[in-house]
Structures are given as C-alpha cells and as structure tokens.
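Colleague: The following block contains a protein sequence and its predicted model.
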Amino acid sequence: MKVIGFFSEENKKFYDVNTMSKILGVSKTKIQREIKRNNFLEFLKYKNQHLYPERTLFHLMEIVLIEKLEHQ
C-alpha cells in the first residue's frame, strides 16, 4: 500500500481522501460523507486536492472502528 502524506512548513501532516480511504479500508464516498457530516472544515487545497490534517484521519478512524464494532 502506497501512503501519500504531505507536510506543511509547520511540520503538520496532511492526507488526501484517496490515502485516507486506503488506510481505513473504506470507500472514498464514505470518507467524504463522514467529513461533511462531522463538519471537518479544516483543509488545505494543494494542486486541486483537498488535504485534511492528521487529526481528521484519527477522528475518521474512531468513527469507522465504532461502526465496525457495532455491526459485529
């Protein structure tokens, strides 16, 4: 799996939707739906991509984990 992370000048890590989808093992539409539902408004636009901070990835990990545990 190829993970693409971007670093800002402040050493913050940013991830695009495709990378988050690969890390979490869910579809891109699910990632985009959760981002919109939870109002993760902090993003960086770079080369026509929306890059979200690492904190957003961790919140999405928590949401996906809770959903998977509830469905077992």
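Modeller: Okay, I see it.

Colleague: which of the residues in the longest strand seen in the chain are buried?
Modeller: Ranked by residue count and defined by DSSP state E, the top strand of the chain is strand 49-53. Neighbour counts over strand 49-53 (16 or more other Cβ atoms under 10 Å) mark 51-53 as buried. All C-beta atoms are positioned from the backbone trio N, CA, C, and that covers glycine.

Colleague: Just the mean pLDDT for that strand, thanks.
Modeller: Confidence over strand 49-53 (mean pLDDT, whole number) is 90.

Colleague: Tell me what angle the helix or strand that comes right after that strand forms with strand 49-53.
Modeller: Next along the chain after strand 49-53, taking DSSP states H and E as the criterion, comes helix 54-70. Interaxial angle, helix 54-70 versus strand 49-53 (axes from the mean of the first three to the mean of the last three Cα atoms, to 10 degrees): 80 degrees.

Colleague: From H59, how far out is the spatially closest residue to V64 that is not a sequence neighbour?
Modeller: Counting by Cβ to Cβ, 6 or more residues apart in numbering, the nearest residue to V64 once its immediate chain neighbours are dropped is L24, at 5.2 Å. As judged by Cβ to Cβ, to the nearest Å, L24 and H59 stand 11 Å apart.

Colleague: Ok, L41 next?
Modeller: 12 Å.

Colleague: Who has more neighbours out of those two?
Modeller: Neighbours per residue (other Cβ atoms under 10 Å) separate L41 from H59, with H59 holding more: 16 against 9.

Colleague: Might one say that that one is in contact with R37?
Modeller: No - the pair H59 / R37 is not scored as a contact, 11.2 Å apart, by Cβ atoms under 8 Å.

Colleague: before we move on, the earlier item: do you know the pLDDT at the residue nearest to V64?
Modeller: 93.
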